[in-house]
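In: predicted model and sequence below, questions to follow.
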Amino acid sequence: MDIKNLISVILVEPKYQGNIGAVARSMANSGLTDLRIIKTIPDEEAMHRAMHGDYILKNAKIYNTFEEAIKGFDIIAGTSDVSKSGNKFRRVSVSPEYFWDNYGLNGQKVALVFGREDNGLHNSELDKCNFFIKIIGNPEYPVYNLSHAVAIILYEMIVRYYKTNVIEAKDVITSENLNVLMSRIEYLLTLVDYKDFQINILMTMLNKIIGRAQITESEFYKIMGILRQIINRLENKTHE
């Protein structure tokens, strides 16, 4: 599945050129290229903010209406953060994580629609969306900047798209094997004549370093193989 051909970003009448440029940059980071903008034309400020994503702005499609911009998509996900309380709409929202886990990466064409910075998406536009993504925030100030909202949602997408390259919790070394590894390192230090107090200091430091490193099981076996070779050489040398 090539997300570049399946997932698009639609900005509805964005007000600030800096936001447009930052959105293009986030898209470039995420491997997306199809940016659709309703009415607002990117200028030099947007190009500057886009950095290496300026090619996305140069190829952005400009539409006059919401209806034109959303044509041809299977999933239209609105992401307005502006409350619509007091009207007839009672839209059920999903988190970015839930959306990508269950719907967004199923091979369908997806439009991520972001509303105006000051007024979000109009009710008539929300009514044309078949999903509503809500980013959790501080209840006292839950509204995210447009470009930040795009970056958060695209990050959740790219994590799942490239999940085969992410270390999962089940792949990390077990506590039992961690203890085996630390025991072999400690034995190695005794073979090279480290004093007891030095070993204690070093083992405390190494335990913290190895814990932060999140060593996988496959890495554990490689390291153990190296330690085995070193220890065997040292033991044979002492017996000569």
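Out: Structure received.

In: could you identify the longest helix within this structure?
Out: Criterion DSSP state H: the longest helix present in the chain is helix 217-238.

In: C-alpha coordinates for that one, CSV please?
Out: Backbone C-alpha positions of helix 217-238 (Å, rounded to 0.1, in the frame of the first residue of the first chain) are rendered in CSV as follows:
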residue,chain,number,x,y,z
GLU,A,217,16.1,-10.6,22.0
SER,A,218,18.1,-10.9,18.7
GLU,A,219,20.5,-8.2,19.9
PHE,A,220,20.9,-10.1,23.2
TYR,A,221,22.0,-13.3,21.5
LYS,A,222,24.5,-11.4,19.3
ILE,A,223,26.0,-9.6,22.4
MET,A,224,26.1,-12.9,24.3
GLY,A,225,28.0,-14.5,21.4
ILE,A,226,30.6,-11.7,21.5
LEU,A,227,31.0,-12.0,25.3
ARG,A,228,31.4,-15.8,25.0
GLN,A,229,34.3,-15.4,22.6
ILE,A,230,36.0,-12.9,24.8
ILE,A,231,35.5,-14.9,28.0
ASN,A,232,36.8,-18.1,26.3
ARG,A,233,39.9,-16.4,25.1
LEU,A,234,40.6,-14.9,28.5
GLU,A,235,40.0,-18.2,30.3
ASN,A,236,42.2,-20.1,27.9
LYS,A,237,45.0,-17.5,28.4
THR,A,238,44.9,-17.8,32.2
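
In: packing partners of that helix?
Out: Using 3 or more Cβ pairs under 8 Å, 6 or more residues apart in numbering; DSSP states H and E, the elements in contact with helix 217-238 are helix 175-191. Where you see a C-beta, it was placed from the backbone N, CA and C, and this is true even at glycine.

In: list the buried residues for the longest helix of the chain?
Out: In terms of neighbour count (16 or more other Cβ atoms under 10 Å), helix 217-238 has its buried residues at 219-220, 223.

In: run through who's touching that helix.
Out: Outside helix 217-238, the residues that touch it by Cβ atoms under 8 Å, 6 or more residues apart in numbering are 171-174, 177, 180-181, 184-185, 187-188, 191-192, 215.

In: which members of the residues you listed are classed as buried?
Out: Buried, going by 16+ other Cβ under 10 Å: 172-173, 181, 184-185, 215, out of those.

In: now render those as a markdown table, adding pLDDT and distance to Met1.
Out: Formatted as a markdown table, these follow (pLDDT from 0 to 100; distance: Cβ to Cβ, whole Å):
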| residue | pLDDT | distance to Met1 |
| --- | --- | --- |
| Val172 | 78 | 27 |
| Ile173 | 81 | 32 |
| Leu181 | 94 | 38 |
| Arg184 | 94 | 43 |
| Ile185 | 95 | 43 |
| Ile215 | 87 | 31 |
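
In: the chain: helices as residue ranges?
Out: Using DSSP H, helices in the chain cover 17-30, 44-50, 54-58, 66-69, 96-99, 123-126, 146-161, 175-191, 196-213, 217-238.

In: Val172: what's its closest spatial neighbour, skipping adjacent residues?
Out: Gln214 (5.2 Å; Cβ to Cβ, 6 or more residues apart in numbering).

In: before we move on, the earlier item: now the buried ones among the contacts of helix 217-238 as JSON lines including distance to Asp74?
Out: Listed next are these as JSON lines, based on distance: Cβ to Cβ, whole Å:
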{"residue": "Val172", "distance to Asp74": "37"}
{"residue": "Ile173", "distance to Asp74": "42"}
{"residue": "Leu181", "distance to Asp74": "49"}
{"residue": "Arg184", "distance to Asp74": "54"}
{"residue": "Ile185", "distance to Asp74": "54"}
{"residue": "Ile215", "distance to Asp74": "42"}
